[in-house]
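S.K.: Fold the following for me, if possible:
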Amino acid sequence: MTHTMCRSIGTLRTAMTGPVIGPAEEDYDQARRVWNADIDRRPAMIARCASEDDTAFSGGRSPRFAVFIVAVCPTPDLLAADRAWARSFWEALRPHSLGSGSYVNAMTEFDDDRVRAAYGPAKYQRLAAIKKKYDPQNLFHHNANIHPA
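M.R.: Presented below is the predicted three-dimensional model:
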């Protein structure tokens, strides 16, 4: 392991509230277990999220339900009707949700207010500061874009 990698792992361990487990540690084999016997991976490090701050995603770390609404129309002329159905279904479910956010990787429309809601105000600001440092020209913007702070 290189000095740079050791320093990066140390930084990760300091930043995380959950454990960061390496191959030499006692619980590594249990932590790396994937619930599919066909996959046997040995990652350099395993980070276990223990709090909301350990991940960019918002919405809490406790077990809940996620709903992905997908409308697949067989012909292009039905697209408007299927889109309207998906949106009306979403609006009907909103009063029963914990908040207005979304799982950002499931979003298909990236309106700024929805992207901000997906991360929450504090995380969005933190990610925008990181974006300003590493991508000030906003080169990587063809996604659920976070604008540089």
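
S.K.: Show me the shaky parts of the protein.
M.R.: 1-6, 35-40, 58-64, 99-101 (pLDDT under 70).

S.K.: Centre-most residue in it?
M.R.: In the chain, the centroid-proximal residue (C-alpha atoms, centre = their mean) is residue 57; its distance is 4.0 Å.

S.K.: Confirm it sits in a strand?
M.R.: No: counting by DSSP: H, G, I helix; E, B strand; the rest coil, residue 57 is not found in a strand; it is coil.

S.K.: Now do residue 84 against residue 77, distance only.
M.R.: To residue 77, residue 84 is 13 Å away according to C-beta to C-beta, to the nearest Å. From N, CA and C alone the C-beta is placed, and that goes for glycine too.

S.K.: Comparing these two, which shows the higher neighbour count?
M.R.: residue 84 (11 against 8; other C-beta atoms under 10 Å).

S.K.: quick one: that one from residue 91, how far?
M.R.: 11 Å.

S.K.: Of all the residues in the helix or strand containing residue 126, which ones are buried?
M.R.: Using DSSP states H and E, residue 126 maps to helix 121-134. Across helix 121-134, burial judged by 16 or more other C-beta atoms under 10 Å covers 123, 124, 126, 127, 128, 131.

S.K.: cool, and stretch 25-32?
M.R.: By 16+ other C-beta under 10 Å, the buried positions in stretch 25-32 come out as residue 28.

S.K.: Thanks again, I'm all set now.
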